[in-house]
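Chemist: Give me a 3D structure for the following:
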Amino acid sequence: MDTIWQPDLLQAPGPKYKAVMQAIRDAIAARALGPGDKLPPVRDLAWRLGITPGTVARAYTMLTDDGTLLAEVGRGTFVAKPDQKAPLLADIPIEVDSTPHNSTAQSWHVNLFSPHLPNVGQSTLIRQLLADVAQDPPSGLMHYPTRAGGRPARAAAAEWLGTAPLGSFGPDDVVLANGGQNAILMIFQTLLKGRRPVVLVEELAYPGFRRAAELLRADVIPVAMDSDGVIPEALEAAARAHDAQVFCTSPEVHNPTLAFTGQSRREALAAVAERCDLQILEDDCYRLGPAQATCYRMIVPERSWYISSISKSITPALRLGIAVAPPGQASALRRTSEYSFFGLATPLTDLCAALLVHPQLPAIMDAARVGIGTYVQRAVNILGSFDLIWRADVPFLWLHLPEGWRAGAFVQAAEGQGVRIRAAEEYACRDARAPHAVRFAINAGLSLESFEAGLGRLRELLDNPPDVIGV
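Modeler: Here you go, the predicted structure:
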């Protein structure tokens, strides 16, 4: 039987979820709630109190995590008995788990195509939150997603993005997507007009920009770069020559070269965008540490679209992308989302509403960065004598090949040695020239021993370029 306990939150100061938590603690201290008593279902208590189910779910989750409550799948949430309290996730040592995610501890085959994060507690936390959502999903399981139902997740995403220098924004400026790539496609669908729209990308750029543009029958034009990013004069020339509509860029962590675009260069490029009426799509999915310069949305807010995702910082499995629209334009982007797929599945938004603001998440993300740094350091130890570009908090490295190697031949030779990497050509437009360079990602799903062994085989190839003379 559910308890008839119900708190009074009318005069409670501060966030409502904290008020619910305090009311439960006060009821336990006053013995209005005793060990083993069942709490009301999330939706029932939310209706009684006139607050959102996500607010109640967040309070229940945090009290479950600290051992005050006990959640039992299929039965409900109870006041924990002294001998029932589950171990706190905070009490579990956070260490880099170098055991592969999907294979044995040692593997000769080393896939360095895409980054894989170390498992440092996020899987445990996600399992706990999935169990809570399965027990009593705040959004229910029999309804289409709604804007109101997704607001707790958007609010959590806005809070999670709080360290990004985006200027003024809130949950109503946020639209959630099925990963960062889906966010790019939605923004293109919202912006591109005409029979043959034109998208500008960096000379070497994330291939997803091109693929999304091609799906919408847009032409993609590369723009020349230097060590600081896109050259403003080249951007203006390309924008005017091709009547371009969107400029795509990754200024904090350029993929694949790891270049960083500083504040003065960003301001110069923003001025070009204003003169040429360009929209800016800023991809910030690879930044794991603090931002080094302000986002374009703070420089030219009326024409800047920002995307991020949790794939490189928490897990790629959940496929959660976050798009922040310019002021006043979120409704257009939200329509694109709703017309395309009606919005994210409600169990996913319920999960993310709890995950992105969970008090243990910052420590988990810090531990993941440390784990990535460990793998980066091992890579530098093995390949640092070559022309290698790296950052301790970025999960990939860029290697200019020594004389004697072409990128395509090196990638083929590496695959013959069981190591999969990407050639620079994959980041260049079809008819553009690419440097003789390769990108390889950090795969912390492999043991350090397997990772190092694979890089050792790459080192052997680099030390012994093919001795072929053309005729």
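Chemist: Could I get the full set of strands for the stretch 301-450 of the chain?
Modeler: Per DSSP state E, counting those that start in this stretch, the stretch 301-450 of the chain carries strands over the ranges 304-309, 321-324, 387-389, 396-400, 419-420, 422-423, 437-441.
Chemist: Grab the CA positions of the helix or strand harbouring Leu200 and hand them over as CSV.
Modeler: In the assignment (DSSP states H and E), Leu200 maps to strand 198-202. What follows is strand 198-202, C-alpha atoms only, in CSV (Å, rounded to 0.1, in the frame of the first residue of the first chain):
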residue,chain,number,x,y,z
VAL,A,198,25.6,25.9,-50.7
VAL,A,199,27.3,24.9,-47.5
LEU,A,200,30.8,26.0,-46.6
VAL,A,201,33.1,23.7,-44.6
GLU,A,202,36.7,23.9,-43.5
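Chemist: I'd like the mean pLDDT over the helix or strand that that strand is followed by, please.
Modeler: As assigned by DSSP H and E, the chain's next helix or strand after strand 198-202 is helix 207-215. For helix 207-215, the mean per-residue pLDDT is 96.
Chemist: can you check stretch 349-365 too?
Modeler: The model assigns stretch 349-365 a mean pLDDT of 94.
Chemist: repeat for stretch 251-262
Modeler: 97.
Chemist: Quick check: buried residues in it?
Modeler: Going by neighbour count (16 or more other CB atoms under 10 Å), the buried part of stretch 251-262 is 251-261. For glycine as for every other residue, the C-beta is placed from the backbone atoms N, C-alpha and C.
Chemist: next one: stretch 337-346
Modeler: Neighbour-count burial for stretch 337-346 [16+ other CB under 10 Å]: 337, 343-344, 346.
Chemist: Equivalent analysis for stretch 186-202, please.
Modeler: Buried-residue list, stretch 186-202, by 16+ other CB under 10 Å: 186-192, 197-202.
Chemist: Tell me the helix or strand right after the strand or helix carrying Glu159.
Modeler: Glu159 belongs to helix 147-160 when assigned by DSSP H and E. Once the chain leaves helix 147-160, the next helix or strand it forms, by DSSP H and E, is strand 174-177.
Chemist: mind showing which ranges of the stretch 1-150 of the chain have poor pLDDT?
Modeler: Scanning the stretch 1-150 of the chain for pLDDT under 70 picks out the ranges 1-4, 9-13, 73-74, 83-106.
Chemist: Please, where are all the helices along it?
Modeler: 16-29, 42-49, 53-65, 122-135, 147-160 (DSSP state H, counting those that start in this stretch).
Chemist: who's in contact with the fourth one?
Modeler: In other words, helix 122-135. 57, 60-61, 64-65, 71-77, 89, 92, 314-315, 318, 347, 350-351, 354-355, 358, 360-361, 364, 368 (CB atoms under 8 Å, 6 or more residues apart in numbering).
Chemist: Could you check the angle the helix holding Glu159 makes with helix 16-29?
Modeler: 90 degrees (axes from the mean of the first three to the mean of the last three CA atoms, to 10 degrees).
Chemist: centre of the chain versus helix 147-160, how much separation?
Modeler: 15 Å (CA atoms, centre = their mean, to the nearest Å).
Chemist: Check which helices and strands that helix is in contact with.
Modeler: Using 3 or more CB pairs under 8 Å, 6 or more residues apart in numbering; DSSP states H and E, the elements in contact with helix 147-160 are helix 53-65, strand 174-177, helix 346-355.
Chemist: Which among those is found nearest to Pro152?
Modeler: Across those, the minimum distance to Pro152, taken as CB to CB, is reached by helix 53-65, at 3.1 Å.
Chemist: wait, which of the buried residues of stretch 251-262 is closest to His400?
Modeler: Thr257 (9.7 Å).
Chemist: same for the longest helix that the chain contains, what does it pack against?
Modeler: What stands out as the longest helix in the chain, according to DSSP state H, is helix 361-383. Where contact means 3+ CB pairs under 8 Å, 6+ apart, helix 361-383 is packed against helix 122-135, strand 396-400, helix 448-463.
Chemist: Pick the most buried one from the helices of the stretch 1-150 of the chain.
Modeler: Of all these, helix 53-65 has the most neighbours on average by mean count of other CB atoms under 10 Å, namely a mean of 25.
Chemist: Tabulate the CA atom coordinates of that helix in CSV.
Modeler: Output in CSV follows, covering the C-alpha atoms of helix 53-65 (Å, rounded to 0.1, in the frame of the first residue of the first chain):
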residue,chain,number,x,y,z
PRO,A,53,7.0,14.4,-12.6
GLY,A,54,10.7,15.0,-13.5
THR,A,55,11.1,17.1,-10.4
VAL,A,56,9.8,14.3,-8.2
ALA,A,57,11.8,11.7,-10.1
ARG,A,58,15.0,13.8,-9.6
ALA,A,59,14.4,14.0,-5.8
TYR,A,60,13.7,10.2,-5.6
THR,A,61,16.8,9.5,-7.6
MET,A,62,19.1,11.6,-5.5
LEU,A,63,17.7,10.2,-2.2
THR,A,64,18.1,6.7,-3.6
ASP,A,65,21.7,7.5,-4.5
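Chemist: on that earlier part again, redo the helices and strands packed on helix 361-383 as TSV? Include distance to Met142.
Modeler: Listed next are the helices and strands packed on helix 361-383 as TSV, based on distance: least, CB to CB, whole Å:
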stretch	distance to Met142
helix 122-135	15
strand 396-400	43
helix 448-463	46
